[in-house]
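Participant: Could you look at this predicted model? Sequence included:
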Amino acid sequence: MKKVTFICDRSLDNQLNKLEQIADRSSLVNHLVHGYGLNSKLIVLKNVIAKDDEVLSFHSTDYINHLKDLNDVKDIDEHEDNEEEYGLGYDCPLIYGIFDYVSAVVGSSLTAARSLIDGSANIAINWYGGWHHAQRDEARGFCYANDIVCAINLLRQKFQRVLYIDLDIHHGDGVENAFEYSQNVLTFSLHKYEVGFYPGSGAITDVGRGNGKFYSVNVPLKDGIRDEAYTKIFNRLLEVLMQAFHPDTLVVQCGCDSLAGDPLGTFNLTLKGYGNCVKTILSWQKPTLFLGGGGYNITNAARCWTYLTSLILGCNIATDIPDNHFFERYGPGFDLDIAEGNRPDCNSEDDIDNCISIITGTQLICFRHYLFVQCDSKN
Ligand SMILES: O=C(/C=C/c1ccccc1NC(=O)c1ccccc1Oc1ccccc1)NO
Ligand SMILES: [Zn+2]
């Protein structure tokens, strides 16, 4: 019997509502999950706020002290050093109670991760987390603290090797940077990579450094990619990576701004594309932490993460949206599925095959490296 923990906490909903562009998103997810009756199959966990040292497992003392100083400041202009410092200001607007927000959000991914460490679950789901852009000492891309890096640091207390997978349309730069020199954390990110598209990093030639060389894998994509090509890349590359890396646990950022119709994104995935990736991940039967992230069509984010929750539970759910607190928001179709857009796919067959052959070539070096490490450790 698969044990699945699920973070659901009203105080977290209130914290996330501080980000007005995604207001109510977590509440819609929770009410749709409840509407489908999935909560009765989940081990629902209340949040445990992160302690300072847990946040400091990644972030600098200066940055966290700055957030503490700003916790009771309403408007950054009131604050003496109100120039753009630590990434706060224009790009990442100051939110009221910012330290409380960060401690709650980091805490949500740590609470989920702990259930994998203590063995009370094989799979942990935290749709409140997934803020992959935050750096050691600065907020970036509306990510004020990197809950993912903190959760991976916690998981590494029990699990030797961690595979991080990032499905968000944006490059998971904060997580990759944190583990750039590590061969114990392999970061794998599929993302749009084009001039002028945030964050601008994540080229195919970006493979990690030092001991971490070849343990960062980046799949740069163009606009319009659809389920079939995305699934092909995902399955072909991860087949090689799983054989080369043999992770003990997985962390998966399921930012759903790669879905068709996202206001920010320009990919063309449907629930099928995300579902195929999650089905492959589940087939490995490793302790896995699923996280949220981007996703700015709020009802589509609720549709996607509810659908993934049902896949993880092995439950088939109807395509008709069930009665729930936010039912009217799913009109006019009241359908779980998201229609593919008609934008052209700018990724040719050759682009896709080139990506696969370049990366599998590189990883074979890593594979040889792995064999060496394995043989070496046996002597
Ligand atoms: O989704 C992202 C990053 C988004 C982002 C990065 C840099 C600058 C602006 C960004 N986001 C937006 O423009 C944007 C546009 C519409 C709705 C939400 C948007 O973002 C967010 C993301 C989270 C909270 C608030 C706003 N990473 O996964
Ligand atoms: Zn994103």
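Facilitator: Cool, got the structure. Ligands and ions are numbered 1, 2, ... in the order given.
Participant: Burial check on the residue lying closest to residue 279 once chain neighbours are set aside, number of neighbours?
Facilitator: Excluding its sequence neighbours, the residue lying closest to residue 279 (CB to CB, 6 or more residues apart in numbering) is residue 311, at 6.5 Å. Using the backbone N, CA and C atoms, a C-beta is placed for each residue, glycine as well. Around residue 311 there are 19 other residues, counting by other CB atoms under 10 Å.
Participant: Same question for the one 3 residues further on.
Facilitator: Residue crowding around residue 314 was assessed by other CB under 10 Å; the count is 10.
Participant: what do you get for the one 3 residues further on?
Facilitator: The number of residues packed around residue 317, counting by other CB under 10 Å, is 20.
Participant: cool, residue 342 as well?
Facilitator: As a burial measure, residue 342 scores 8 neighbours (other CB under 10 Å).
Participant: And residue 356, by the same measure?
Facilitator: 16.
Participant: Can you verify my assumption that it contacts residue 237?
Facilitator: Yes. With contacts counted by CB atoms under 8 Å, residue 356 reaches residue 237, the gap being 6.3 Å.
Participant: And the pLDDT at the residue in the stretch 151-300 of the chain positioned nearest to ligand 1?
Facilitator: Distances between the stretch 151-300 of the chain and ligand 1 by CB to the nearest ligand atom are smallest at residue 294, namely 3.1 Å. With respect to pLDDT, residue 294 scores 97.
Participant: so residue 187 is in which element?
Facilitator: Using DSSP states H and E, residue 187 maps to strand 185-192.
Participant: so what's residue 108 up against?
Facilitator: Residues in contact with residue 108 (CB atoms under 8 Å, 6 or more residues apart in numbering) are 7, 9, 12, 47, 126, 128-129, 147.
Participant: Over to residue 182. Which of the three states is it?
Facilitator: The three-state label given to residue 182 by DSSP: H, G, I helix; E, B strand; the rest coil is coil.
Participant: so which strand or helix has the residue nearest to residue 279?
Facilitator: helix 298-313.
Participant: Ok, residue 26 next?
Facilitator: helix 25-35.
Participant: how far does the next helix or strand after that helix sit from the chain's center?
Facilitator: For helix 25-35, the following helix or strand on the C-terminal side (DSSP H and E) is strand 43-45. In terms of CA atoms, centre = their mean, to the nearest Å, the centre of strand 43-45 is set 20 Å apart from its chain centre.
Participant: What residues of strand 43-45 count as buried?
Facilitator: Buried residues in strand 43-45, counting neighbours by 16 or more other CB atoms under 10 Å, are found at residue 45.
Participant: One more: stretch 200-207?
Facilitator: 201-202, 206-207.
Participant: what do you get for stretch 331-351?
Facilitator: For stretch 331-351, a neighbour-count test (16+ other CB under 10 Å) marks 336, 338, 340-341, 345, 347, 351 as buried.
Participant: now, which of the residues you listed sits nearest residue 174?
Facilitator: Using CB to CB, residue 347 is the member of those that sits closest to residue 174, with 25.2 Å.
Participant: mind checking which helix or strand the closest one is in?
Facilitator: Using DSSP H and E, residue 347 falls within no helix or strand.
Participant: in terms of contact, does it touch residue 233 like I think?
Facilitator: No. Look at residue 347 against residue 233 with CB under 8 Å: they stay out of range, at 9.0 Å.
Participant: Report whether the helix holding residue 26 contacts ligand 1.
Facilitator: No. Remark: helix 25-35 sits outside contact range of ligand 1, by CB under 6 Å from any ligand atom, the gap being at least 9.1 Å.
Participant: pLDDT (mean, whole number) over that helix?
Facilitator: The predicted model assigns helix 25-35 a mean pLDDT of 98.
Participant: Which residues outside it are in contact with it?
Facilitator: Applying CB under 8 Å, 6+ apart, the contact partners of helix 25-35 are 6, 8, 12-13, 16, 39, 42, 127-128, 295, 298-299, 301-303, 305-306, 309, 321-327, 329.
Participant: try it again with 6 Å
Facilitator: If you take CB atoms under 6 Å, 6 or more residues apart in numbering as the criterion, helix 25-35 is touched by 8, 13, 16, 39, 127-128, 298, 301-302, 305-306, 309, 322, 324-326.
Participant: now stretch 341-360
Facilitator: With CB under 6 Å, 6+ apart as the test, stretch 341-360 has contacts from 204, 219, 221-226, 229, 233, 236-237, 240, 260, 268.
Participant: and the residues you listed, which are buried?
Facilitator: Among those, those classed as buried by 16+ other CB under 10 Å are 219, 221-226, 229, 233, 236-237, 240, 260, 268.
Participant: about what we covered before: for the residue of the stretch 151-300 of the chain closest to ligand 1, what are its contacts?
Facilitator: Residue 294 is in contact with 168, 255, 257, counting by CB under 6 Å, 6+ apart.
Participant: Restricted to helices, list those.
Facilitator: Residues of the contacts of residue 294 located in helices (DSSP state H): none.
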